[in-house]
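A.B. asks: Provide a 3D model corresponding to the input given below.
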Amino acid sequence: MQMKLETPLKLKHIQIKNRLVMAPMCMYQSDDTGVVKPFHEAHYYMHALGGIGLVMVEATAISKHGRISVNDLGIWSDDHIQGLKVISERIKEAGSTSCIQINHAGRKSVGQYPFAPSQIKMDGKDELPKAMSLLDIKETISDFQKAAIRANEAGFDMVEIHAAHGYLISQFMSSLSNQRDDHYGVKHQFLKDVIEAIYQVWPLHKSISIRISGTEYHPDGFDIDDVIKILKACDLSRIDLIHISSGGNIRPNIVTLASGYQLPLARKIKHELSIKTIGGGLLSNHEEGEEALQHDDCDMVFYGRLLLRDPFYFLRHIEKFEFPKPYQRGKLLKEKS
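C.D. replies: Got it, this is the predicted structure:
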């Protein structure tokens, strides 16, 4: 059977109506409390109405001290659950599967004295991070676990562990930022422990995804073969999807950004680990996504900037997608790609 963007996908635990993914993109539209604002409710509902199969909510902070910015969404408090529940309900009401990405930014966190695996300053930042004690690590793993509990209480179908883009989990994976000489100097250990903590609390009938950087574009950082070794050292038995991105732990991150530039990374993980993957990278139209599926590069295709420009792009370009009833009068009968 030839896979197309409109083909449904059955995971171990859930069924997604098509192969399209709205990538988790930070909107920076909350405030210092991290609560959901009307913008977030409208933003995610609109993109679900646009026909996307899997709508991913942006990197949501598991700790107030682990935020990328002071305007991040939060999931470090029970006070966040109700607002996040509204987002999840709206996504599902529009016929999409809801996912939330949970994250700690580590040495990329806003504020003074951010945590990091080791006391190594990040390029472009003035602050020297604090090397995490074993107690810090234990508490942060607990924060990931508590965030997963809240994500479930908010009604999300899937939780995504953010292990990409040079944030805390990714920092533990890399020799550029992890030079510890204890148990957590082993590059897979922190990710492994976070996964196991989430397994303890995440319902069996719901799905788990991991977003990972496939390479750091640096001779001393990890590459795709290192990432595969790290993933093999973790228990992936309940992981439904590996969501492949790249970079983020060094600045400037110099790489030629061609359309679909991350697809070879997704393909390698898919075939070497025999696991379903989400791939993409600056895809500019639906044909490129179709081609990725037909070449077996990935099982789902993520789009980001394209959806910010045009939330109804796929409704207009995929014939089998139906416009929401209130908007059907606006659908053009024919439109060039």
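A.B. asks: So which residues make contact with the host helix or strand of Lys192?
C.D. replies: When elements are assigned from DSSP states H and E, Lys192 belongs to helix 189-199. Contacts with helix 189-199, where a contact means C-beta atoms under 8 Å, 6 or more residues apart in numbering, come from 117, 137, 141-142, 144-145, 148, 159, 161, 163, 168-169, 172-173, 183-184, 208, 210, 230, 233-236, 238-239. In this view, the C-beta of every residue, glycine as well, is placed from N, C-alpha and C.
A.B. asks: do that again at 6 Å, thanks
C.D. replies: Ile141, Phe144, Gln145, Ala148, Ala163, Ile169, Phe172, Tyr184, Cys234, Arg238 (C-beta atoms under 6 Å, 6 or more residues apart in numbering).
A.B. asks: check contacts around the fifth one.
C.D. replies: In other words, Ala163. Shown in contact with Ala163 (C-beta under 6 Å, 6+ apart): Ile169, Ser170, Leu191, Ile210, Ile212.
A.B. asks: Mean confidence (pLDDT) on the helix or strand hosting the second one, please.
C.D. replies: Using DSSP H and E, the secondary-structure element containing Ser170 is helix 168-173. If you average the pLDDT over helix 168-173, you get 98.
A.B. asks: Show me what that helix is packed up against.
C.D. replies: In terms of contacts (3 or more C-beta pairs under 6 Å, 6 or more residues apart in numbering; DSSP states H and E), helix 168-173 is packed against no helix or strand at all.
A.B. asks: tell me how far that helix is from the chain's mean position?
C.D. replies: Centroid displacement of helix 168-173 relative to its chain, using C-alpha atoms, centre = their mean, to the nearest Å, is 14 Å.
A.B. asks: Could I have the CA atoms of that helix written out in CSV?
C.D. replies: This file holds the C-alpha atoms of helix 168-173, laid out as CSV (Å, rounded to 0.1, in the frame of the first residue of the first chain):
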residue,chain,number,x,y,z
LEU,A,168,18.7,19.5,29.2
ILE,A,169,18.3,15.9,28.0
SER,A,170,20.2,16.6,24.8
GLN,A,171,23.0,18.2,26.9
PHE,A,172,23.4,15.0,28.9
MET,A,173,23.7,13.1,25.5
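A.B. asks: Which positions within the one helix or strand Ala42 maps to qualify as buried?
C.D. replies: Taking DSSP H and E as the criterion, Ala42 maps to helix 38-49. Neighbour-count burial for helix 38-49 flags His40, His43, Tyr44, Tyr45, His47, Ala48, Leu49 (criterion: 16 or more other C-beta atoms under 10 Å).
A.B. asks: Out of these, which is nearest to Asp78?
C.D. replies: Lowest distance from Asp78 to the buried residues of helix 38-49 (C-beta to C-beta) belongs to His40, with 17.9 Å.
A.B. asks: picking up where we left off before, and after the helix holding Lys192, which helix or strand comes next?
C.D. replies: strand 207-213.
A.B. asks: The helix or strand that comes right after that next one packs against which elements?
C.D. replies: From strand 207-213 onward toward the C-terminus, using DSSP H and E, the following helix or strand is helix 224-232. Counting contacts by 3+ C-beta pairs under 6 Å, 6+ apart, helix 224-232 packs against helix 263-273.
A.B. asks: now the angle between strand 207-213 and the helix it packs on, please.
C.D. replies: Between helix 263-273 and strand 207-213, the angle comes out at 130 degrees (axes from the mean of the first three to the mean of the last three C-alpha atoms, to 10 degrees).
A.B. asks: what stretches of this structure score poorly on pLDDT?
C.D. replies: 1, 251-255, 332-337 (pLDDT under 70).
A.B. asks: now for the lengthiest helix in it, which elements pack on it?
C.D. replies: Secondary structure of the chain per DSSP state H: the longest helix is helix 134-153. Under the contact definition 3+ C-beta pairs under 6 Å, 6+ apart, helix 134-153 sits against helix 189-199.
A.B. asks: I'd like the distance from the helix it packs on to the chain centre, please.
C.D. replies: Distance of helix 189-199 from its chain centroid, counting by C-alpha atoms, centre = their mean, is 16 Å.
A.B. asks: Right, I'll leave it there.
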